[in-house]
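> Okay, sequence plus prediction incoming.
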Amino acid sequence: MSTTATTPTAAAPAPPRARRVGPLALAVRQGRLEVRQFLRSRESVVFTMLFPVVMILIFASIFKGEIGGGVRFTQYFVTGMIATGLMTVGFQSLAIQIPIERDRGVLKRLRGTPMPRWVYFAGKVIMVALIALAETVLLLAVATLLFDLDLPDSAARWLTLLWVSALGTTACTLCGIAFSSLARSGRGASAVATPVALVLQFISGVFFVFTDLPTWMQQVAAIFPLKWMCQGLRAVFLPDTFAAAEPAGSFELGRVAIVLAVWCVVGLALCLTTFRWTTRRDG
């Protein structure tokens with residue numbers, strides 16, 4: 001009887017395990033994707049990033065005098081343009097962009113993937129923050145080089161610029177996400193969001209000196225964040241003596257912080273209670 005020797009066969013190598021992506025990395029990836037999509041849209045770049053720059057080029061070239069107290073119109077106008085830029089990228093762009101994505105089924109598909117839902121919103125927040133920063137830097141560079149804008153002259157003023165911008169951008173972003181549920185379709189989103197943004201600009205002291213507006217208009221504007229963003233930024237770029245020209249006789253930075261923080265809370269509550277992942281026709 002013969003025996004056949006058998007040799008053990010080597011086990012097949014186990015397939016490599018997929019590397020687990022942490023939550024922060026997921027958010028960063030989604031943020032990069034959102035930024036790329038934003039920059040690929042010429043309409044978004046022109047009407048969101050370049051609109052404040054174009055407006056300051058036009059207005060500063062026409063109105064070259066002073067508004068009083070030794071303050072040039074350009075110095076005053078740049079505060080409104082920075083605030084407008086933050087509102088445009090945070091509120092208006094999201095209020096238009098999200099309904100379009102909802103109409104195309106992007107949100108519905110995302111909800112069906114293993115990706116946590118919060119990552120989608122984190123990507124939007126990262127995109128808004130980066131675009132808002134780039135827009136503000138571009139606006140300050142243009143105003144400084146072409147119109148001799150006086151930049152903040154102390155660390156306290158730069159800090160005020162930082163927290164007013166952060167709170168204002170957060171409030172506008174949350175309100176933009178919540179407002180996106182009002183549009184019945186992606187095609188109609190611009191018609192719903194743009195008039196609201198324009199009205200707020202006209203009544204909040206962006207194009208005109210705020211105290212020159214009718215009293216009732218000032219009172220209506222005081223309900224919404226943009227007026228307080230403009231007021232907080234005036235404390236950054238205008239001399240302390242100009243505070244006497246404000247409606248309350250001061251820049252009221254404490255109240256600016258409170259109102260913007262309240263709007264952050266209100267915006268978050270509206271997002272949590274009204275946001276829709278599908279269109280109305282999908283149920």
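Noted; the coordinates are in hand.

> Now for the spatially most central residue of the chain: which residues touch it?
Residue closest to the mean C-alpha point of the chain, counted by C-alpha atoms, centre = their mean, is residue 90 at 2.2 Å. Counting by C-beta atoms under 8 Å, 6 or more residues apart in numbering, residue 90 touches 128, 132, 168, 169, 170, 171, 172, 173, 175, 176. Glycine gets a C-beta too; all of them are placed from N, C-alpha and C.

> In what element of secondary structure is the residue lying closest to it once chain neighbours are set aside found?
Nearest residue to residue 90 in three dimensions, chain neighbours excluded: residue 172, at 3.2 Å (C-beta to C-beta, 6 or more residues apart in numbering). Here residue 172 sits within helix 155-179, counting by DSSP states H and E.

> Let me see the ranges of the helices in the stretch 1-150 of the chain.
Here the stretch 1-150 of the chain has its helices, by DSSP state H, counting those that start in this stretch, at 23-40, 42-44, 51-62, 73-87, 93-103, 106-111, 117-147.

> What residues sit buried inside the longest one?
Residues of helix 117-147 classed as buried under the neighbour-count rule (16 or more other C-beta atoms under 10 Å) are 119-132, 135-136, 139-140, 142-143, 147.

> Can you name every helix or strand that it contacts?
Counting contacts by 3 or more C-beta pairs under 8 Å, 6 or more residues apart in numbering; DSSP states H and E, helix 117-147 packs against helix 23-40, helix 51-62, helix 73-87, helix 93-103, helix 106-111, helix 155-179.

> That helix vs helix 155-179, what angle?
For helix 117-147 against helix 155-179, the angle by axes from the mean of the first three to the mean of the last three C-alpha atoms, to 10 degrees is 130 degrees.

> and helix 117-147, how far from the chain's centre?
The chain centre lies 7 Å from the centre of helix 117-147; the measure is C-alpha atoms, centre = their mean, to the nearest Å.

> Just the pLDDT for residue 26.
We have a pLDDT of 85 for residue 26.

> Verify the stated contact: it with residue 115.
Yes. Counting by C-beta atoms under 8 Å, residue 26 touches residue 115, with 6.9 Å between them.

> for residue 213, what are its contacts?
So residue 213 contacts 203, 205, 221 (C-beta under 8 Å, 6+ apart).

> The second one: neighbouring residues, count only.
Looking back up the chat, that one is residue 205. Residue 205: 28 surrounding residues under other C-beta atoms under 10 Å.

> Next, find the distance separating it from residue 141.
According to C-beta to C-beta, to the nearest Å, residue 205 and residue 141 sit 23 Å apart.

> I am finished for the moment; much appreciated.
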